[in-house]
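S.K.: give me a model of this one.
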Amino acid sequence: MSVSARETSGVTTRLIVSVVRDLAGASAVDELVRRAGDHLTLAQLEDEREWVSFDDKIRLFEVAAEVCGEPRLAHRVGASALDARIGVGLRAVIRALGSPQRVYREVVRIGPKFSTVSDLRCTGTGRTSAEVTYRLRPGHQPNRHDCDYNVGLLSTVPCLFGLPAARVEHLSCQVDGDVECRYLITWRERQRPWPRRGHRRSGAGPVGTVDEVRDLRRQIDDLQAATAELTAPGSLDVALERVVRRASSAVQARGFVVVVRPRWDERPTVHAVGVDPLEAEQVATEALAGARRHEWMVSPVATSTRSYGVVVAVQAPGHGFLAGEQAKLDAYASLASAAVEVAVERETAGTLLAVARDLAASQTVQSVADRGLAAVVELTGATAAAVVITGAAPDDPWVVATTGVTDAVDALLRSPRPPPTDAGSDIGFYHRHDTDRPQLVAAVFESSDVTAVARVRIRDGEGTTIGWVATAWTAGAPTEIDHDLATRLTGVAALLTPAIATARALESSSHLALHDPLTGLANRVLLADRYEGAVARARRHGGLIGLVLVDLDGFKATNDRHGHAAGDTALVTVADRLRQVIREADTAARLGGDEFVVITDAVSDTEVSSLARRIEIEIARPVTISSGAALAVAASAGAVTVAPDVTLADALARADASMFDRKRERRAGRETNDAEPSGAGGVPPSDPPMR
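M.R.: Predicted coordinates:
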């Protein structure tokens, strides 16, 4: 409904429908709705939270009077305000004033519960009398039905306290051209004195007592219904819409604004009813900053651990609220805080569940770190973040994923052993102005404009630290790690623990399936896959594929003389030296025994021959075995280039032939050149070369 239509409360429209139904039946109600206007529905007219325009109210009175055949039906509607089915909450706060005299004195606050386009004021009261004025604001035409409704409302006040209806004299009327309507109200004096304010009233007679108990039961039912509705599943927006709707049912006001900041890094979310967007934004901004106005009633949306925002009931300018209404709004705001917290935690849980699914599909520790990094940024709104996972073994490199960090911090994290974040608790939080801060956190502050850093440890099942997650903020940083932030950070860390273990197991099994267990080089399975990749690249770019087949000379004699342990040391050393010679994009594999192969692409015959000679030179350096002896190693490397249509088996056969040619060449060279050094660099080996 538009803001401009919030001029007549739903209590009034519901009273009209109720009186028509009681007097003329359901068919008369259908006729009332049909003739009232296409923009009005029966559900809307019977909803006390809905408001209509002043003109709609007058039209409803006119049609109701016609269909019921009662010209002064509006008076009956006003006098029926004690209907036990309608306005339960409003009756309760009015009755809490304690006496008719006090109600009439507070009529300036009660009037806006029914209309926002008029001013109702008390100009004087006696023991059993009061004078009240009613003035319709400019732009609205006075109407006799409106006056009759006012008379009926004013007459029924004493009935709230178990007394007969008041007598109301209409002394002057705007309909007749007067500046305002004046009403003189008199009622019968109570037999016992009214209790003083703040004292418990013993009862207002049988009628008052029964009504109060009935209203209390209805309010309890409403509160229970609100509890169920506000904590029901739904998004945060749905929860806030429910908050606004429930607030409007608790308190009659011109409009309501609920402003909530679900997370410290988000802009406040504003939902409003009865207030235009510009005014709602202004009310939200000022109320969050602590401003208060006479026409506002503010209740905090907060839990014991977190303040989310406020609910503001907005009254017409110059009008305030009744004392009992604050407690009612507070009660619904408290429920609203629970609803917001449930929605926020549900959102967090949903995000963490999605993260868990993604982590379960991660095959490597690096992919686990990358997904954890994305999750922590999504959950915390951090400017910069890092996930660091220590090596599976003490000498293993750490896995690092970063975003938004400076080059200096990134380099520090990726160094062989980054400095520790601290030796304290699992969760740490630091501000720029803190003097006691770990070395790594200090480096972050020194190299960037970060204002706050949070850190949480990642621990394995035995409690050992296996990494940490860190976040940093520039603008909009939280002031502390509250419950929500701690839940999000520790939630990510908890999900990373099993994901890391799973990824390490997968990496280990995958490595064993594709690599030689002794040297760590590719095995035949991975070699075939890498060859197919080289074939695809050669076809795409029109290049050749280079193969170098390496065979150690005299390896069996070395095993026989020094034992298999020394032979294994030699093989591992050869593998390490191959890695040092080849490019990162090349593949080195162990074919078995003392045979190795290197695949390289985009090369010429000259380049692959040069690579073979460098491999021979690198391998020829002595190998130190466990006994401390220097073992001489020699190798023959055959080199070939093949086109991409050559199979791996054919390529290996050609490389093998080249390798044997190289062996014969080396043997012939040694037999005719006795001066050739037997060790690299002219250093005589302590053991004959492996031939």
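
S.K.: where are the low-confidence patches of the stretch 351-500 of the chain?
M.R.: 416-424 (pLDDT under 70).

S.K.: can you map out the helices along it?
M.R.: 365-380, 407-413, 439-447, 483-514 (DSSP state H, counting those that start in this stretch).

S.K.: quick one, which of the ones you listed is packed in tightest?
M.R.: Among these, ranked by average contacts under mean count of other CB atoms under 10 Å, first place goes to helix 365-380 (a mean of 22). For every residue, glycine as well, the C-beta is placed using N, CA and C.

S.K.: Cys173 against Pro142, yeah?
M.R.: Yes - distance between Cys173 and Pro142: 7.5 Å, which falls inside the contact criterion (CB atoms under 8 Å).

S.K.: what touches both of these two?
M.R.: Residues touching both Cys173 and Pro142 by CB atoms under 8 Å, 6 or more residues apart in numbering: Cys181.

S.K.: more crowded one of these two?
M.R.: More neighbours surround Pro142 than the other of Cys173 and Pro142, with 19 against 16 (other CB atoms under 10 Å).

S.K.: tell me the SS of the more buried one?
M.R.: Secondary structure state of Pro142, per DSSP: H, G, I helix; E, B strand; the rest coil, is coil.

S.K.: do you know how far it is from Leu547?
M.R.: Pro142 sits 103 Å away from Leu547, going by CB to CB, to the nearest Å.

S.K.: cool, Asp436 as well?
M.R.: Counting by CB to CB, the separation of Asp436 from Leu547 is 60 Å.

S.K.: look at those two and report which has more neighbours.
M.R.: Each of Asp436 and Leu547 has its neighbours counted (other CB under 10 Å); Leu547 has more, 27 against 7.

S.K.: and the helix or strand the more buried one falls within, which strands flank it?
M.R.: According to DSSP states H and E, Leu547 maps onto strand 545-552. Within its sheet, and counting by DSSP bridges, strand 545-552 is paired with strand 595-601 (antiparallel), strand 635-642 (antiparallel).

S.K.: so what's the gap between the helix or strand encompassing Arg346 and the chain middle?
M.R.: For Arg346, the enclosing helix or strand under DSSP H and E is helix 323-360. Mean C-alpha position of helix 323-360 versus that of the full chain (CA atoms, centre = their mean, to the nearest Å) differs by 11 Å.

S.K.: buried stuff in that helix?
M.R.: Buried residues in helix 323-360, counted by 16 or more other CB atoms under 10 Å: 325-326, 328-337, 339-344, 348, 351-352, 355-356, 358-359.

S.K.: now swap in stretch 41-54 and tell me
M.R.: For stretch 41-54, the neighbour count (16+ other CB under 10 Å) marks Gln44, Leu45, Glu46, Asp47, Glu48, Arg49, Glu50, Trp51, Val52, Ser53, Phe54 as buried.

S.K.: what residues does that stretch touch?
M.R.: With CB under 8 Å, 6+ apart as the test, stretch 41-54 has contacts from 1, 4-11, 13-14, 16-17, 29-30, 33, 36, 40, 60, 86-87, 115, 117, 140, 245, 248-249, 274.

S.K.: ditto for stretch 469-476
M.R.: Stretch 469-476 has contacts (CB under 8 Å, 6+ apart) with 264-265, 372, 376-377, 380-388, 404-405, 421, 444, 448-456, 458, 489, 492-493, 496.

S.K.: now, the residues you listed that are in strands?
M.R.: Judged by DSSP state E, the contacts of stretch 469-476 include Ala384, Ala385, Ala386, Val387, Val388, Ala452, Val453, Ala454, Arg455, Val456, Ile458 as members of strands.

S.K.: put the buried members of the contacts of stretch 41-54 into a PyMOL selection.
M.R.: Buried subset of these, written as a PyMOL selection, criterion 16+ other CB under 10 Å:
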select buried, resi 5+6+7+8+9+10+11+13+14+16+17+29+33+36+40+60+86+87+115+117+140+245+248+249+274
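
S.K.: test my guess that Val603 contacts Thr641.
M.R.: Yes - in this structure, Val603 is within contact of Thr641 by CB under 8 Å, at 6.4 Å.

S.K.: so between the two, which is more surrounded?
M.R.: Neighbour count, other CB under 10 Å: between Val603 and Thr641, Thr641 has more, with 22 against 19.

S.K.: residues in contact with the residue lying closest to Glu180 once chain neighbours are set aside?
M.R.: The shortest distance from Glu180 to any non-neighbouring residue, by CB to CB, 6 or more residues apart in numbering, is to Arg135 (4.1 Å). Residues near Arg135 by CB under 8 Å, 6+ apart: Ser118, Asp119, Gln174, Val179, Glu180, Cys181.

S.K.: hang on, Arg135 in a strand?
M.R.: Yes - the assignment for Arg135 by three-state DSSP puts it in a strand.

S.K.: okay, and the beta partners of it?
M.R.: Here Arg135 sits in beta bridges with Asp119, going by DSSP bridges.

S.K.: coming back round to it: counting contacts, what elements does the helix holding Arg346 pack onto?
M.R.: helix 88-95, helix 205-230, helix 236-250, strand 296-302, strand 307-314, helix 365-380, helix 483-514 (3 or more CB pairs under 8 Å, 6 or more residues apart in numbering; DSSP states H and E).

S.K.: anything in contact with each of Val603 and Thr641?
M.R.: Leu544, Ile545, Gly546.

S.K.: could these go into CSV alongside distance to Gly126?
M.R.: Converted to CSV, these look like this (distance: CB to CB, whole Å):
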residue, distance to Gly126
Leu544, 113
Ile545, 111
Gly546, 113
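
S.K.: restricted to buried residues, select the ones in strands among the contacts of stretch 469-476 in PyMOL.
M.R.: Provided next is the PyMOL selection string for whichever of the ones in strands among the contacts of stretch 469-476 are buried by 16+ other CB under 10 Å:
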select buried, resi 384+385+386+387+388+452+453+454+455+456+458
